[in-house]
Structure formats: structure tokens, C-alpha cells
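> here you go, sequence then predicted model.
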Amino acid sequence: MDPNRPQTSSSKKKWFIGCGISCGVVIVIVVLLILSGVMFVKNIVKGFEESEAILETITERYGEVEEYCPEPDGAIRQARIEVFLKVRELMRPIRNELESSFNLLNEEEKSKDPEKEKPDIGVIGKIRTGFGMVPQIAEFLKVRNQSLLDVGMGLGEYYYIYIYAYYLWLNKPMLDGLPFQIRGGDRGFNLQDSDDEDSQEIRRIIQIRRLQRLILPLLRNQYKKLQARGAGSGLGKWRQILETEIKALESDRYRMPWQDGLPEVIESSLKPFRRRLEEGYSRLLNSLEISSK
């Protein structure tokens, strides 16, 4: 065939048809990607909006976090710890999903059998997992809030028991959570531990201040209710202990609540539930537990 011969109308038509098909496929793919992105964002926004809506109902029913008042005698009723543990159990499936995603990003989720280790999921797999974690976090908050609503517990009481059980009694590190940051570069999509001594100290201070802001108002509520019972309540010793702790926190903004030791009345409330509390704790998700509403 003569390369210099002009194309016939038939050959041109075939070429345009072929181009139209391939270009159409590209356009369809681009449109689908855009629509997928829009739907992805909409689903994330919807997830957080649903979580906020449930939280508004919880707040209307049980008050703001800082309005919660612990039992004036210092004890945590066993029935309330059971409710707390029920919430933890209802959250277990979404906790497991998030932990799997975090482990996958950190390349820690491997078979115990060295001959059956999972292959590296690669850059695209990690990006996909990272994006997938955002709606998972929205679902985590939604499930927690819905569980609280279903079992009858406010967020203030939930935070109170979580902090007392895990930080103040079981001595779980406040800085448990995700110590890495996502980093690009010529090595691809990497996870790089960004912790050093200075950043650890900054994080510790921030966490102590957060715990103080959560716990101090609750202790004041508790003390006020205790005072209303009068001197004949037989709780004079506990009243003094509580008053001393409140003053210590007010005078030192970097003091951990009950850093000199948790009162016996609180320890004895938690002791029967040690095993179940331990089983319900997530080291990886700790940073999510009381940092968001």
C-alpha cells in the first residue's frame, strides 16, 4: 500500500470510530473516578454528620461531658462498669477493622508462620488503605456514640471510666496510639516514626492538660454534690481526700489526676473487672478514644 496515498473516506471513518471508542473509554473512566471521589467524600461527611447527630441526642439526654457528676462517695457502681464494658464490646468489630488497617500501613500484620508471610501490599495498596481509614474513623465514632445511646450512658461518664480504668488504675501509657507519620519521597509511601525525646515530652504535656480539662470539672461536680449531703454523711475522710486532689490539680496545671495514687474506694470498684477491662483496651486506638467527640 502506498503510504503517500490519501486515506479513503472509509478508512478515515474506521479510524475515527476507533478513536471514539478509546477516547470514550478514557472519558468514562475519568468521569467514574471523579464520581467515585465525590461519593467517597460524601460518604465520609455523611459518616461524621451521623456521628454528630447521635452525639447531639446523647448530649440532650445526659448533658455535656463536663456536666457529668461521679458518685459523691467516690465509688464507681458495678452496674455502670458493666454498661461501659458493653459499649466496649459493641465497638469491638470496628476496633478490629481499624487495627487491621493501621497494622497494614505499618507493615506489622504478618503471618506468625515465617514461610507464609504476606507480601508487601505496595504503594497503591497503602494509599488505598490510608484513604479507607478515614471512613473507618467516622464509623468508629458513630458506633461508639450509637452504642452509648443504646445502652444508656453519656460521654462524660464514658470518658470518666475510661480514664480511671486505663490511665489511672491499669497504668496504660497516655501516649499509646499511632507514633508514626506517613512520608513520601524516593522510597515511596513510607511510615516513619517521628518520635524523639522532645516530641514525646510535648505530647505528654498536651495529654496531661487534656486529662485535667476532662477530669477537674467532674471532680468539682462530685465535691459539690458531696457537700450537699452535709457533715453527717459519714464521708468526711473521702471529702478531705477529694478536696485535696482538686486543690492540687488547680495549683499545678501539669499534674496528672491522682498522680499520688488512686483512692482505695475507686480501686476496689475496678478490681473485679480487671480481665475484661484489659481485653477491651486497644493500644493502637487509644489516641482516638478521648481525643474526639
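Done, it's in.
> so what does the helix or strand harbouring residue 205 touch, helix or strand wise?
Assigned by DSSP states H and E, residue 205 belongs to helix 197-229. The elements that helix 197-229 packs onto, with contact taken as 3 or more CB pairs under 8 Å, 6 or more residues apart in numbering; DSSP states H and E, are helix 155-162, helix 236-251. Every residue, glycine included, has its C-beta placed from N, CA and C.
> check which helices and strands the first one sits against.
Under the contact criterion of 3+ CB pairs under 8 Å, 6+ apart, the helices and strands touching helix 155-162 comprise helix 9-62, helix 78-90, helix 122-151, helix 197-229.
> contact partners of it?
Contacts with helix 155-162, where a contact means CB atoms under 8 Å, 6 or more residues apart in numbering, come from 55, 58-59, 62-68, 70, 76, 80-81, 84, 87, 145, 148, 214-215, 218, 289-290, 293.
> stretch 265-277 too?
73-78, 81, 85, 164-166, 168-170, 238.
> buried residues in that stretch, which are they?
With burial defined by 16 or more other CB atoms under 10 Å, the residues of stretch 265-277 counted as buried are 265, 266, 269, 270, 273, 277.
> which residues of the chain score low on pLDDT?
1-47, 105-132, 178-196, 231-233, 291-293 (pLDDT under 70).
> picking that back up, which ones among the buried residues of stretch 265-277 map onto helices?
Using DSSP state H, the subset of those located in helices is 265, 266, 269, 270, 277.
> distance to residue 227 added to the buried residues of stretch 265-277, as a markdown table?
Output for these, formatted as a markdown table (distance: CB to CB, whole Å):
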| residue | distance to residue 227 |
| --- | --- |
| 265 | 17 |
| 266 | 19 |
| 269 | 22 |
| 270 | 25 |
| 273 | 29 |
| 277 | 31 |
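> out of those, the closest to residue 199 would be?
Nearest to residue 199 among those: residue 277, at 29.1 Å, using CB to CB.
> picking that back up, by how many degrees do the helix holding residue 205 and helix 236-251 diverge?
140 degrees (axes from the mean of the first three to the mean of the last three CA atoms, to 10 degrees).
> what comes up buried for helix 197-229?
Neighbour-count burial for helix 197-229 flags 203, 207-208, 211-212, 214-223, 226 (criterion: 16+ other CB under 10 Å).
> which of those residues sit farthest apart?
By the measure CB to CB, 203 and 226 form the most distant pair in the buried residues of helix 197-229, at 34.0 Å.
> buried ones among the contacts of helix 155-162?
Among the contacts of helix 155-162, those scoring as buried are 55, 58-59, 62, 65, 68, 70, 76, 80-81, 84, 87, 145, 148, 214-215, 218, 289-290 (criterion: 16+ other CB under 10 Å).
> ok, back up a step: out of the contacts of stretch 265-277, which are buried?
With burial judged by 16+ other CB under 10 Å, the buried subset of the contacts of stretch 265-277 is 73, 74, 76, 81, 85, 164, 165, 166, 168, 169, 238.
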